[in-house]
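Q: sequence plus the predicted model coming up.
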Amino acid sequence: MTRIKRDSIAYLVVITFSILMLAWGIPNYTPAYPGYGAASSLVPNVAVSIMLFMACLSLVFILIAHYLKKPLPSSESEFPEDLEDGGGFTQVGRVNMRYLLTVMFPSILLVIAIEYVGYLIASFAFLMLLQILIGSRRWLQSIILAAILTAVLYIIMRYGFGVPVPGPQLFE
C-alpha cells in the first residue's frame, strides 16, 4: 500500500470519527446549557471541528493531485523501504493506523464513561490509560500527572469558564 492510499484511509477514519462525535457523541453526552458561561459542548465542538476541517483539507489536496494527474516524486508518495535508492521521507510523515486507533479508542471510552462516573474519575482513568498505551511505566509519575491535569482542567472549566462539566458531580 502506498503512502497516499494509507494517508487517505487515515483521513477518512478521522472524518468519520469527527462526524460521529459532532452528530451523536457530543450532543448526547454533554449537559444542557444552563444559561450562563460557555456551553459545555463548546470546547469539544471546536476541537472536533478543527480535526474534521484539517482532515477534509488534506483529503481534498490528495484528490486534487490525483485528478489533475500531478505526479508526486517517489520520495513523497512511497515509504522509504519501498524505494530502490533507499531515499524518501522519515517516520514523521507516516500514518500508523494502530497508533491512531490507540488514541481514538480511549477517547470514545472517555465520552461514554463521563456520563456514568463523572468527569473527574473518567478523565483521570483516561489520562492513566493513555500514559500506559504510550509506554509510560513510572506509576507514581503517571498518577501525579493525571491527578494534577484532571484537577487543573476541572478548575479552569468549572470555575474559570463557568462550564458545567458533564456527568455525575462529586463536589456539588
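A: Sure, I can see it. Residues are numbered from 1 along each chain as shown.

Q: report all helices and strands that the lengthiest helix in the chain contacts.
A: Scanning the chain for the helix with the most residues, using DSSP state H, yields helix 42-67. Contacts defined by 3 or more C-beta pairs under 8 Å, 6 or more residues apart in numbering; DSSP states H and E place helix 42-67 against helix 3-20, helix 26-29. C-beta here means a position set from N, CA and C on the backbone, and glycine is covered the same way.

Q: next, the buried residues of that helix.
A: By neighbour count on 16 or more other C-beta atoms under 10 Å, the buried set for helix 42-67 is 43-45, 48, 51-52, 55, 58-59, 62.

Q: before we move on, back to that, nearest to residue 122, of the helices and strands packed on helix 42-67?
A: Closest approach to residue 122 among these (C-beta to C-beta): helix 26-29, 10.4 Å.

Q: hmm, who's touching the closest one?
A: For helix 26-29, contacts defined as C-beta atoms under 8 Å, 6 or more residues apart in numbering pick out 41, 44-45, 48, 111-112, 114-115, 166.

Q: for those residues, which one is nearest residue 134?
A: Of the contacts of helix 26-29, the one sitting nearest to residue 134 (C-beta to C-beta) turns out to be residue 111, at 19.8 Å.

Q: secondary structure element holding the closest one?
A: helix 97-117 (DSSP states H and E).

Q: what angle sits between that helix and helix 3-20?
A: Orientation check (axes from the mean of the first three to the mean of the last three C-alpha atoms, to 10 degrees): helix 97-117 against helix 3-20 gives 10 degrees.

Q: next SSE downstream of helix 97-117?
A: Sequence-wise, the next helix or strand downstream of helix 97-117 (DSSP H and E) is helix 119-133.

Q: pLDDT of the longest helix of the chain, averaged?
A: In this model, helix 42-67 has a mean pLDDT of 90.

Q: wait, isn't residue 36 in contact with residue 161?
A: No - counting by C-beta atoms under 8 Å, residue 36 stays clear of residue 161, with 10.6 Å between them.

Q: more neighbours: which of those two?
A: Higher neighbour count among residue 36 and residue 161: residue 161, with 12 against 8, using other C-beta atoms under 10 Å.

Q: correct me if wrong: that one contacts residue 37.
A: Yes - contact criterion C-beta under 8 Å: residue 161 and residue 37 qualify, at 5.9 Å.

Q: just to revisit the earlier point, reformat the buried residues of helix 42-67 as JSON lines; add distance to residue 96.
A: As requested, those are exported to JSON lines (distance: C-beta to C-beta, whole Å):
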{"residue": "43", "distance to residue 96": "27"}
{"residue": "44", "distance to residue 96": "25"}
{"residue": "45", "distance to residue 96": "27"}
{"residue": "48", "distance to residue 96": "21"}
{"residue": "51", "distance to residue 96": "17"}
{"residue": "52", "distance to residue 96": "21"}
{"residue": "55", "distance to residue 96": "16"}
{"residue": "58", "distance to residue 96": "16"}
{"residue": "59", "distance to residue 96": "18"}
{"residue": "62", "distance to residue 96": "18"}
